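*Asks:* The following block contains a protein sequence and its predicted model.
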Amino acid sequence: MAHRSKRLNALGSKVDPTITYALPDAVKMLKEFNNTKFDQSVEIVIRLGIDPKQAEQIVRGSIVLPNGIGKSLRVVVFAKGDLAEQAKAAGAEEVGAEDLAKKIKDGWTDFDVCIAAPDMMGLVGPLGRVLGPRGLMPSPRAGTVTPDIGRTVKEYKAGKVEFRNDAGGNVHAVVGKLSFDAGKLVENIQSFLNHIGSIKPGGVKGNYVRGCSISATMSPGIRVAAA
């Protein structure tokens, strides 16, 4: 059984696990847990009524939250020519082709997002063994294989969020920092919830969103009304 610190137990005693809180109330409570020396990330977990074993019921994608997530992501880009110049101008940390592929093949993965121009996928594909397990493999569905390199880099630098349901049918995502104004956190979380609701797979029967909670890096979870 996982050991919970005295601090976490004390915070947990302030949350009634039988209550589903309205989003503004949940955020207000969460911000009261801001008693660490670092700025904690705020995360959301949504339990979905999907069958994760069915490919047509996979829930994945990306979203640019209205107020960002309080972190500028480290972005690398596979591109050549004009697209490479666009990536550099948009702030990508590293841009390349064969040279970048070799660096990653040799084990370098010190970045948060990997974006590729469509004509680079022949080069990127063999890197799946390195990038895939780390969730860094470019994908058209996630929007990281795209001809619109400049815009996509800017979105990720601003804090674009990628998500994909896990084996239990849950979606996890970072939606901001605990230092954010409460109104901005509410706006980010509601935007994420709205987006998840808008991409409900057609084959899902019954309740789609079955539960939702928010938490900070070092706080207990708070159940939230997802409507």
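*Replies:* Ah, there it is. Numbering: from 1, shown residues only.

*Asks:* ok, now which ones touch Lys88?
*Replies:* Val95 (Cβ atoms under 8 Å, 6 or more residues apart in numbering). For the C-beta atoms, the positions are set from N, CA and C on the backbone; glycine is no exception.

*Asks:* same check, this time on the one 10 residues further on
*Replies:* Taking Cβ under 8 Å, 6+ apart, we find Glu98 in contact with Leu123.

*Asks:* separation between it and Ile199?
*Replies:* Taking Cβ to Cβ, to the nearest Å as the measure, Glu98 falls 36 Å from Ile199.

*Asks:* quick one, longest helix in this protein?
*Replies:* Longest helix in the chain by number of residues (criterion: DSSP state H): helix 182-198.

*Asks:* care to break the protein down by domain?
*Replies:* Per automatic domain parsing, the structural domains of the chain span 6-69+160-223, 75-157.

*Asks:* any idea of the mean pLDDT in the first one?
*Replies:* Spelled out, that is domain 6-69+160-223. Averaged over domain 6-69+160-223, pLDDT sits at 90.

*Asks:* just checking, Ala117 touches Gly81?
*Replies:* No. Using Cβ atoms under 8 Å, Ala117 is not in contact with Gly81; the gap is 9.1 Å.

*Asks:* Between the two, which has more neighbouring residues?
*Replies:* Ala117 (25 against 10; other Cβ atoms under 10 Å).

*Asks:* What's the local residue count around the closest residue to that one other than its chain neighbours?
*Replies:* Excluding its sequence neighbours, the residue lying closest to Ala117 (Cβ to Cβ, 6 or more residues apart in numbering) is Ala79, at 4.4 Å. When counting by other Cβ under 10 Å, one arrives at 26 neighbours for Ala79.

*Asks:* I figured Ala79 hits Asp148, correct?
*Replies:* No. Look at Ala79 against Asp148 with Cβ under 8 Å: they stay out of range, at 11.2 Å.

*Asks:* check contacts around the residue lying closest to Asp112 once chain neighbours are set aside.
*Replies:* Closest residue to Asp112 apart from its sequence neighbours, by Cβ to Cβ, 6+ apart: Leu73 at 4.1 Å. Residues counted as contacts of Leu73 (Cβ under 8 Å, 6+ apart) are Asp112, Val113, Tyr156, Lys157, Gly159, Lys160.

*Asks:* neighbours of the second one, just the number please.
*Replies:* In other words, Val113. Neighbour count for Val113, taken as other Cβ under 10 Å: 24.

*Asks:* swap in the fifth one?
*Replies:* Applying the criterion other Cβ under 10 Å, we find 19 residues in the vicinity of Gly159.

*Asks:* What of the one 4 residues further on?
*Replies:* The number of residues packed near Phe163 is 20, by other Cβ under 10 Å.

*Asks:* so where do the strands sit in this protein?
*Replies:* 41-48, 60-64, 75-78, 94-96, 113-116, 160-164, 170-177, 209-216, 222-223 (DSSP state E).

*Asks:* Please name every helix or strand in contact with the fifth one.
*Replies:* Read that as strand 113-116. strand 75-78, helix 149-157 (3 or more Cβ pairs under 8 Å, 6 or more residues apart in numbering; DSSP states H and E).

*Asks:* Where among the ones you listed is average confidence lowest?
*Replies:* Among these, helix 149-157 scores lowest, with a mean of 93.
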